[in-house]
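A.B. asks: Got a sequence here, can you model it:
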Amino acid sequence: MATKINMTAITNNLPTIRYRVREYEKKYRRKENTVHVIAVSKKRPKEAIELLYHQGHRHFGENYLQEALPKIQNLSKLEIIWHFIGKIQSNKTAEIATNFDWVQTLERPKIAVRLNAQRPEHKEPLNTLIQINSSGEISKSGINMEELPALVKLIDSLPRLRLQGVMTMPAPHISFDDQRKSFSTIMSALKTFNYDLPVFSFGTSGDFEAAIAEGSTMVRLGNVIFGPREG
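C.D. replies: This next block holds a predicted model:
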């Protein structure tokens, strides 16, 4: 069930977030307009997505396929770029491959092969990010760093997938310095592989400044745009 939202607040929140992201780019000497915001619209009604769209926003992230599909269908006339950011089940790959432009949570070879086989020929290759479990938490999805080379090699061999980079969600930290350290550790580990992967999807509503400071090129923001979810 979609959360009741304050449309006026959303109208004000988006330009505020855009401003903050641009200011963080300047503060941390990032190139201008290199950090992209994904509006995480899970549990949010399609009217909220339409509102942001008409404010010029295009990238939206959904976690749950059954919730996302009606939104995608109802908003099909809009040029929205849809990102799947939830856990991928094998029996959902056909719908994901057909309806989404990006998949940010690829972690298993089997899923990569299925997405490649099920991506429609008339569409561009599916943009993919490999999800890394950087914190080692059992409760979180993603591969270990040691598994990255093999999965990169596999995805590069699949013509209907386009590997763009990596995504992670580190353990939460309240301290800004701890947040930066966490992201810095991830980036340092990734640099040892020397891959040409331009996209780093790091950072959510509670830590996106730290993520930008350490090199993130995508931040996945829900509450700071839509407001807190009920329940």
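
A.B. asks: how far away is residue 17 from residue 51?
C.D. replies: Distance of residue 17 to residue 51, given as CB to CB, to the nearest Å: 14 Å. No exception for glycine: its C-beta is placed from N, CA and C like everyone else's.

A.B. asks: brain fart, residue 103
C.D. replies: Between residue 103 and residue 51 the distance, using CB to CB, works out to 26 Å.

A.B. asks: same question, residue 101
C.D. replies: 20 Å.

A.B. asks: any idea how far stretch 122-142 is from the chain center?
C.D. replies: Stretch 122-142 has its C-alpha centroid displaced from the chain centroid by 9 Å (CA atoms, centre = their mean, to the nearest Å).

A.B. asks: tell me the average confidence for that stretch?
C.D. replies: When pLDDT is averaged along stretch 122-142, the result is 84.

A.B. asks: again with stretch 150-170
C.D. replies: Per-residue confidence for stretch 150-170 averages out to 96 on the pLDDT scale.

A.B. asks: how long is stretch 90-105 end to end?
C.D. replies: Across stretch 90-105, the straight-line distance between its terminal residues is 13 Å, by CA to CA, to the nearest Å.

A.B. asks: Could I get the average pLDDT for it?
C.D. replies: Mean pLDDT, stretch 90-105: 98.

A.B. asks: Show me what counts as buried in it.
C.D. replies: Counting neighbours by 16 or more other CB atoms under 10 Å, one finds that the buried residues in stretch 90-105 are 92, 93, 95, 96, 97, 99, 100, 101, 102, 103, 104, 105.

A.B. asks: Let's have those in CSV, adding distance to residue 64 and secondary structure.
C.D. replies: Formatted as CSV, these follow (distance: CB to CB, whole Å; DSSP: H, G, I helix; E, B strand; the rest coil):
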residue, distance to residue 64, secondary structure
92, 10, helix
93, 15, helix
95, 12, helix
96, 11, helix
97, 16, helix
99, 13, helix
100, 12, coil
101, 17, coil
102, 16, strand
103, 14, strand
104, 14, strand
105, 12, strand
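
A.B. asks: can you give me the strands in this structure?
C.D. replies: Secondary structure of the chain (DSSP state E): strands at 36-40, 59-62, 81-84, 102-106, 126-132, 161-168, 199-201, 218-221.

A.B. asks: Show me which helix runs longest in the protein.
C.D. replies: The helix of greatest length in the chain, counted in residues with DSSP state H as the criterion, is given as helix 7-27.

A.B. asks: Okay, angle between that helix and strand 36-40 too, please.
C.D. replies: For the pair helix 7-27 and strand 36-40, the angle between their directions (axes from the mean of the first three to the mean of the last three CA atoms, to 10 degrees) equals 150 degrees.
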